[in-house]
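J.: Below are the sequence and a predicted model; questions follow.
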Amino acid sequence: MAMVVLLMITSTVTAGPAVRADAVMNPADAIQRQLVPGHGVRIVERTRSNWFGSWSAHKPVRGIMGFGKGKVVATDLTDFNVGRHGTRNICIGKRGYQLHAKPDPDRPLPPGKSWVTYEWPCQLVLRSGHVSLSDPATLRAVLATTARKLPAGVYDDVRTTLYEGTITFAQLHKANPGMRIGFRSKPTGKYASWKVSWRLWIGRDQLVRRAWSAWREPNDSRDRSAGEQPYHAFEEDLRLSDWGMEADIQPPPAAETVSSEELDD
């Protein structure tokens, strides 16, 4: 019951269109017109990774992303891959709030506290891997490498067209100079020709309903041992629905939060 109350307090979501579908011309513009204050999109993110020579699938991450002034400004996501029973994470700007589905006996919280706050670099971007949907320059660069286009399935009750192709790290870096790969590398030099395979399922309103990508990144950790593989591989499948929904993502009540710095003292 307490969890239900918290869900009602911190995020209010109702459906509602943000823009007219016939007012857009291409996916980059269509998505930008959605990134307005008070609106958002619902996501389900599935990933697979190959870190030590074998593939492993991860549980889905589900939630909503809130928009404002041409960008993602807040997220409210539940991740069952973190903690013993999963965690709910709210990110607003540079501040994060984490709620464990069940109390963590290894890190008990003070009485009356349910949320732990962090200063962390929140991932306030709508993307599948390095294919950013909320960055117009990146999305246009990706679509410019389309190799095939064909009718596809129905997602979010919308008939879609599948676009697919490959794009190099160099092309992505040109569109997004701040892009980084691995633990500390730039996507230049010997990595410039490495490729990202991508697929986008786009509706008649030019909004992306599904985004899939597969790529590898260098294992450039300073702690890498001689026997480790020189790269890691990833696949990410992002489903998007309820474009234009009203989303009001708020921090949890201050009285119920404790900072990670206080817990570490």
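T.: Yep, it's here.
J.: Where does pLDDT dip in the stretch 151-265 of the chain?
T.: Scanning the stretch 151-265 of the chain for pLDDT under 70 picks out 222, 224-227, 265.
J.: now the helices for it?
T.: 169-175, 260-264 (DSSP state H, counting those that start in this stretch).
J.: right, so these: which one is the most enclosed?
T.: Highest mean neighbour count among the helices of the stretch 151-265 of the chain (mean count of other Cβ atoms under 10 Å): helix 169-175, with a mean of 20. Quick note: C-beta positions are derived from backbone N, CA and C, even for glycine.
J.: can you list the residues that contact that helix?
T.: Residues outside helix 169-175 that contact it (Cβ atoms under 8 Å, 6 or more residues apart in numbering) are 130, 135, 137-138, 140-142, 145, 179, 181, 186-188, 191-196.
J.: any chance of the helices of the stretch 151-265 of the chain in JSON lines, plus distance to residue 109?
T.: Shown next, in JSON lines, are the helices of the stretch 151-265 of the chain (distance: least, Cβ to Cβ, whole Å):
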{"stretch": "helix 169-175", "distance to residue 109": "41"}
{"stretch": "helix 260-264", "distance to residue 109": "8"}
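J.: mind checking which of those is nearest residue 154?
T.: Residue 154 lies closest, by Cβ to Cβ, to one member of the helices of the stretch 151-265 of the chain: helix 169-175, at 29.5 Å.
J.: Alpha carbons only: can I get the closest one in PDB?
T.: This file holds the C-alpha atoms of helix 169-175, laid out as PDB (Å, rounded to 0.1, in the frame of the first residue of the first chain):
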ATOM      1  CA  PHE A 169      31.200   5.900 -34.900                       C
ATOM      2  CA  ALA A 170      32.800   8.600 -36.900                       C
ATOM      3  CA  GLN A 171      29.500   9.600 -38.400                       C
ATOM      4  CA  LEU A 172      27.800   9.600 -35.000                       C
ATOM      5  CA  HIS A 173      30.700  11.600 -33.500                       C
ATOM      6  CA  LYS A 174      30.400  14.200 -36.200                       C
ATOM      7  CA  ALA A 175      26.700  14.700 -35.300                       C
END
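J.: burial measure for the spatially closest residue to residue 210 that is not a sequence neighbour, as a count.
T.: Once flanking residues are discounted, residue 210 sits nearest to residue 201: 3.9 Å by Cβ to Cβ, 6 or more residues apart in numbering. A count of neighbours around residue 201, defined by other Cβ atoms under 10 Å, yields 23.
J.: So residue 201 sits against residue 151, correct?
T.: No: between residue 201 and residue 151 there is no contact under Cβ atoms under 8 Å: 10.5 Å.
J.: any residues in contact with both of the two?
T.: With Cβ under 8 Å, 6+ apart as the test, residue 201 and residue 151 both reach 161, 162.
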